[in-house]
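> Dropping the sequence and predicted coords here.
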Amino acid sequence: MSTKRIEQKLVFFARAMKDYGSEYEQTWIENINESFEQCKIIDFNQINEQIGNENKCNGFGNKYNRYGKKLYEVERKFFFPLIDDCDCVIAAPAWNHHRRGMFTDGVIIEIKYALSIGKKVFGVVNGEMKQITMEDLK
């Protein structure tokens with residue numbers, strides 16, 4: 001009898017902020033849970049509340065998903081530590097966003113950071129689910 005313990009893998013699920021709480025997001029979560037045995041997807045609910053509260057205090061409303069430094073700083077502060085702790089990243093192209101079918105800027109930042117620290121990243125590129133490399137982001 002084996003005493004080998006099966007450890008749960010921690011998954012960072014990168015997706016467009018506008019897809020949070022949607023049927024599209026739920027379908028991805030179900031597929032991740034079916035495809036990756038013993039995985040746990042990091043819950044962003046508390047993080048999203050913290051970001052929203054901090055942004056209101058800083059006077060720029062709920063616009064943390066804008067381009068530029070603010071977006072990068074939010075990613076660095078709130079999401080990079082989660083990526084540091086995860087086993088892999090799964091990235092979904094946007095659905096409820098004007099960049100439908102493509103990765104949003106925030107997801108691209110998360111993918112690039114994950115790859116830079118040696119994490120495996122999986123996602124849909126040209127309609128195919130695969131392991132993503134920096135070359136795929138060009």
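Nice, I can see it.
> helices or strands up against the helix or strand harbouring Val107?
If you go by DSSP states H and E, Val107 is part of helix 105-116. Helix 105-116 makes packing contacts with strand 9-14, helix 69-74, helix 80-85, strand 88-91, strand 120-125 when contacts are defined by 3 or more C-beta pairs under 8 Å, 6 or more residues apart in numbering; DSSP states H and E. C-beta here means a position set from N, CA and C on the backbone, and glycine is covered the same way.
> Let me see the mean pLDDT of it.
The pLDDT scores in helix 105-116 average 96.
> Could you pull out the buried residues of it?
For helix 105-116, burial by neighbour count (16 or more other C-beta atoms under 10 Å) applies to 105-107, 109-111, 113-115.
> how distant is it from the center of its chain?
8 Å (C-alpha atoms, centre = their mean, to the nearest Å).
> quick one: contacts for Ala94?
Taking C-beta atoms under 8 Å, 6 or more residues apart in numbering, we find Ala94 in contact with 15-16, 18-19, 100-104, 107.
> secondary structure class for it?
Look at Ala94: counting by DSSP: H, G, I helix; E, B strand; the rest coil, its state is coil.
> Look up how far Lys77 lies from it.
22 Å (C-beta to C-beta, to the nearest Å).
> likewise Gly21?
22 Å.
> With Val125 instead?
Distance, Val125 to Lys77, using C-beta to C-beta: 28 Å.
> Settle it for me: which of those two has more neighbours?
Val125 (17 against 13; other C-beta atoms under 10 Å).
> Could you check how far that one is from Thr133?
Distance from Val125 to Thr133, by C-beta to C-beta: 9 Å.
> just Asp85 next, same as before
Distance from Asp85 to Thr133, by C-beta to C-beta: 22 Å.
> in the chain, which ranges drop under the pLDDT threshold?
Low-confidence segments of the chain, defined by pLDDT under 70, are located at 1-7, 52-69.
> run the last query once more with 50
1-3, 59-67 (pLDDT under 50).
> what's the straight distance from one end of stretch 84-95 to the other?
26 Å (C-alpha to C-alpha, to the nearest Å).
> Next, the buried residues of that stretch.
Quick answer for stretch 84-95 (16+ other C-beta under 10 Å): 86, 88-95.
> I am finished for the moment; much appreciated.
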